[in-house]
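>>> Need a 3D model of the following:
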Amino acid sequence: MEQTKKNLLINILCTTIYALITLVVVLHHEIWADEAQAWMIAKSLPLTGLFKHLVNEGHPSFFYLLIMPFAKLLKGTEAILSMQILCWFSSVFSVFLIFQFSSFNRLAKFAIAFSAGFLYFFPVIARSYSILPLLVFLLAIFYPKAKDRPVLYSILLILIANTHIIMFGFASLLGFLFFYESFIKDKINIKNYIIPLSIWILGLLAVILQLHSTTSSNVFISLDFSNIVANTVKVVSQFFINGYDNQYADTGKIIFPMFGVFAILVSFLLYIWFFVILFVNDKKIFFVTFLSIFFQLVIYIVGYNHWIFANRIFCAHIILIFAFWVMLKNNEFKNLPKINNKKFINITIAVLFLLTILNGIRYSVLDCLYSYSGAKETAEFIQKNIQGKDTLFITDNEPYCVALAYYLQGKKGIYSAIHQKDITYIVWDENLYHMLSDGGWDEYVKFMRQERNEDFLTKKIYAVIPTFNKYSLNIAHPKNYKLIFESKPSILKFEGFSIYEYQG
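Numbering: from 1, shown residues only. Predicted coordinates for the structure are as follows:
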């Protein structure tokens, strides 16, 4: 009993240290486009409008429903801190579950808790990924008790599926195996499980109904089998690169090229080794793990393969954590190799996550020293230096300006040259491909004046150009525009902003 209390106190202390370290970074972190997008959707849309829009967004509803009450009720630019704290708390509670209830030894627990995913990407970047570790770890706790609490087990499965589409395969496979074993192997009467079975089926159908037309609605998510070999190489390489040296953080030039090569090679070999261990010891968990991670990779390869962020990579890692959490509950291991034992398995798991720690520290330090995005700085410049209602800010790049629109909070609107209205949240249609060239900015203003658009006739015009346009599309200087502001370098290198005053 005394040992149990001592372990609990140690685990609470370790979790508290983790919570304080990550909270410092959360409070320094500035919102970027993807975080602002989720918040602005929850804030701007009614419940029915949310479900209509999700097909375009490509994400199921659970995270939006969680943050919607905060988005509706709270005002001001600090209101989004509630979403950040929700994601941070989810990570903190997840780490406590790892320390208190998981089957890993102390080394593996610390390696997981202070890996890049849990040190930075889950607690600091406030997105739907952040709540997945908590749900998956709760599932690991209740997995051995699923037959005693089938309703709770089914609820956890459908919450996971409705948080992110990349977890749909995981929730589907676990549910299928649970109900198959219950009805076929254990001969349980289906009437006794009608409620959990209904929850699971309806929960999966909800994901399908919400996202069934995403590939035709969202211009950046489409089924593409034409470049499957190239996409496979790209996705798999990014999967084993970006968790150890994510390529977006250029500010400060803290990079680990030689370590990265070593970490990538070791992690690739470890993944193969983990699948061998699972196959030898628990074929059911092996197939769930392998197919669930394979499902994620297929989505990236044929769906949205433009970038594999570190938080997506760690969504595969938490499936591995679940698998070994469950498997290590069993004290018996088969004798394929002599090193197939609990101690060695814990060491190899620790190695996988320890290799990512430098990237987590890197991002945490950078986020405390620099802006993550240039949106807040740019919004402050606009509010302080460009006064009056007779001003018009236009942009041709909505996806990078949604965070700027959030920070302006309606005090100044950012007018979309594409959709011809102020930006609230992004609609991912094909118009987003139509961006203006150097001379195109001047031509656009002249066209809108010829159309007798009142704002363009009476207001002072400013062009807001994200650095993505300026550097990637070689927009050196828009014709008839004067540069009056440029945001400082930010961690997210594409999300800086230049403001040009129209001189025509």
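>>> least trustworthy helix or strand in the protein by mean pLDDT?
helix 467 (a mean of 82; mean pLDDT, DSSP states H and E).
>>> Give the next helix or strand downstream of that one.
Note on helix 467: by DSSP states H and E, the next helix or strand toward the C-terminus is strand 481-486.
>>> what's the following helix or strand after that following strand?
Per DSSP H and E, strand 481-486 leads on to strand 497-502 as the next helix or strand towards the C-terminus.
>>> Show me what that following strand is in contact with.
374-375, 378, 381-382, 393, 401, 404, 441, 445, 460-467, 470, 477-478, 480-487 (Cβ atoms under 8 Å, 6 or more residues apart in numbering). (Each C-beta comes from the backbone N, C-alpha and C, glycine too.)
>>> Buried ones only from the residues you listed, please, as a PyMOL command.
Command for PyMOL that selects the buried part of these, burial taken from 16 or more other Cβ atoms under 10 Å:
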select buried, resi 374+375+378+381+382+393+401+404+441+445+461+462+463+464+465+466+467+470+478+480+481+485+486+487
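>>> Just the pLDDT for the residue lying farthest from the centre of the chain.
Here the chain reaches farthest from its C-alpha mean at residue 450, the gap being 43.2 Å by Cα atoms, centre = their mean. For residue 450, the pLDDT comes out at 91.
>>> excluding its backbone neighbours, what's nearest residue 22?
residue 123 (4.3 Å; Cβ to Cβ, 6 or more residues apart in numbering).
>>> and if you look at residue 406?
Excluding the flanking residues, the one nearest residue 406 by Cβ to Cβ, 6+ apart is residue 36, at 4.0 Å.
>>> following the strand or helix carrying that neighbour, which helix or strand comes up?
Using DSSP H and E, residue 36 maps to helix 33-44. Once helix 33-44 ends, the next helix or strand along the chain (criterion: DSSP H and E) is helix 47-57.
>>> now the angle from that following helix to helix 33-44?
Here helix 47-57 runs at an angle of 150 degrees relative to helix 33-44 (axes from the mean of the first three to the mean of the last three Cα atoms, to 10 degrees).
>>> who does helix 47-57 touch, helix- and strand-wise?
helix 33-44, helix 62-73, helix 194-211, helix 214-217 (3 or more Cβ pairs under 8 Å, 6 or more residues apart in numbering; DSSP states H and E).
>>> who wins for proximity to residue 84 among those helices?
Proximity to residue 84 (Cβ to Cβ) singles out helix 33-44 among the helices and strands packed on helix 47-57, at 8.0 Å.
>>> angle of that closest one against helix 62-73?
Going by the same axes, to 10 degrees, helix 33-44 makes 60 degrees with helix 62-73.
>>> ok, residue 244 touching residue 353?
No - counting by Cβ atoms under 8 Å, residue 244 does not reach residue 353; the two are 10.9 Å apart.
>>> In terms of neighbours, single out the busier of those two.
Set residue 244 next to residue 353 and count neighbours by other Cβ atoms under 10 Å: residue 353 wins out with 26 against 23.
>>> Got the phi and psi for residue 399?
phi -60, psi -30 (degrees, to the nearest 10).
>>> Not counting sequence-adjacent ones, nearest residue to it?
Nearest non-adjacent residue to residue 399, counting by Cβ to Cβ, 6+ apart: residue 426, 5.5 Å away.
>>> give me the number of residues near that neighbour?
24.
>>> what sits up against stretch 22-36?
Stretch 22-36 is contacted by residues 39, 80, 83-85, 88, 91-92, 119-120, 123-127, 364, 367-368, 371-373, 375-376, 399-403, 405-407, 492, 495 when judged by Cβ under 8 Å, 6+ apart.
>>> Put the alpha carbons of that stretch into CSV.
The C-alpha trace of stretch 22-36 is given here as CSV (Å, rounded to 0.1, in the frame of the first residue of the first chain):
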residue,chain,number,x,y,z
THR,A,22,5.1,22.5,-21.6
LEU,A,23,2.8,25.3,-20.2
VAL,A,24,5.6,27.8,-20.6
VAL,A,25,5.9,27.0,-24.3
VAL,A,26,2.1,27.0,-24.7
LEU,A,27,1.9,30.5,-23.2
HIS,A,28,4.6,31.8,-25.6
HIS,A,29,3.1,30.1,-28.7
GLU,A,30,1.4,32.3,-31.3
ILE,A,31,-1.5,31.0,-33.3
TRP,A,32,-1.0,30.1,-36.9
ALA,A,33,-3.3,29.4,-39.8
ASP,A,34,-4.4,25.8,-39.1
GLU,A,35,-5.2,26.6,-35.4
ALA,A,36,-7.1,29.8,-36.3
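>>> What are the buried residues along it?
So for stretch 22-36, counting by 16+ other Cβ under 10 Å, buried means 22-23, 25-26, 28-36.
>>> swap in stretch 175-190?
Within stretch 175-190, the residues that count as buried by 16+ other Cβ under 10 Å are 175, 177-179, 182.
>>> again, but for stretch 108-122
108-122.
>>> and what of stretch 207-220?
For stretch 207-220, by 16+ other Cβ under 10 Å, it's 207, 210-211, 214-215, 217-218.
>>> Using a markdown table, please lay out these together with pLDDT and distance to residue 57.
Shown next, in a markdown table, are the buried residues of stretch 207-220 (pLDDT from 0 to 100; distance: Cβ to Cβ, whole Å):
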| residue | pLDDT | distance to residue 57 |
| --- | --- | --- |
| 207 | 96 | 13 |
| 210 | 94 | 9 |
| 211 | 92 | 9 |
| 214 | 89 | 8 |
| 215 | 86 | 13 |
| 217 | 90 | 9 |
| 218 | 89 | 7 |
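>>> hey, which of the helices and strands packed on helix 47-57 is tucked in deepest?
helix 33-44 (a mean of 22; mean count of other Cβ atoms under 10 Å).
>>> Residue 100 belongs to a helix, doesn't it?
Yes - counting by DSSP: H, G, I helix; E, B strand; the rest coil, one finds residue 100 located in a helix.
>>> if we can go back for a sec, so the residue nearest to residue 22: helix, strand or coil?
Secondary structure, three-state DSSP: residue 123 is coil.
>>> tally of neighbours for residue 105?
Count around residue 105 with other Cβ under 10 Å applied: 17.
>>> I'd say it and residue 346 touch.
Yes - in this structure, residue 105 is within contact of residue 346 by Cβ under 8 Å, at 4.5 Å.
>>> which residue ranges form the helices in the stretch 251-400 of the chain?
257-281, 283-302, 310-327, 342-354, 357-369, 375-385, 398-408 (DSSP state H, counting those that start in this stretch).
>>> so can I have a markdown table of those helices showing mean pLDDT and distance to residue 188?
A markdown table is the format used below for the helices of the stretch 251-400 of the chain (pLDDT from 0 to 100; distance: least, Cβ to Cβ, whole Å):
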| stretch | mean pLDDT | distance to residue 188 |
| --- | --- | --- |
| helix 257-281 | 88 | 26 |
| helix 283-302 | 95 | 18 |
| helix 310-327 | 95 | 21 |
| helix 342-354 | 93 | 32 |
| helix 357-369 | 92 | 44 |
| helix 375-385 | 93 | 54 |
| helix 398-408 | 93 | 49 |
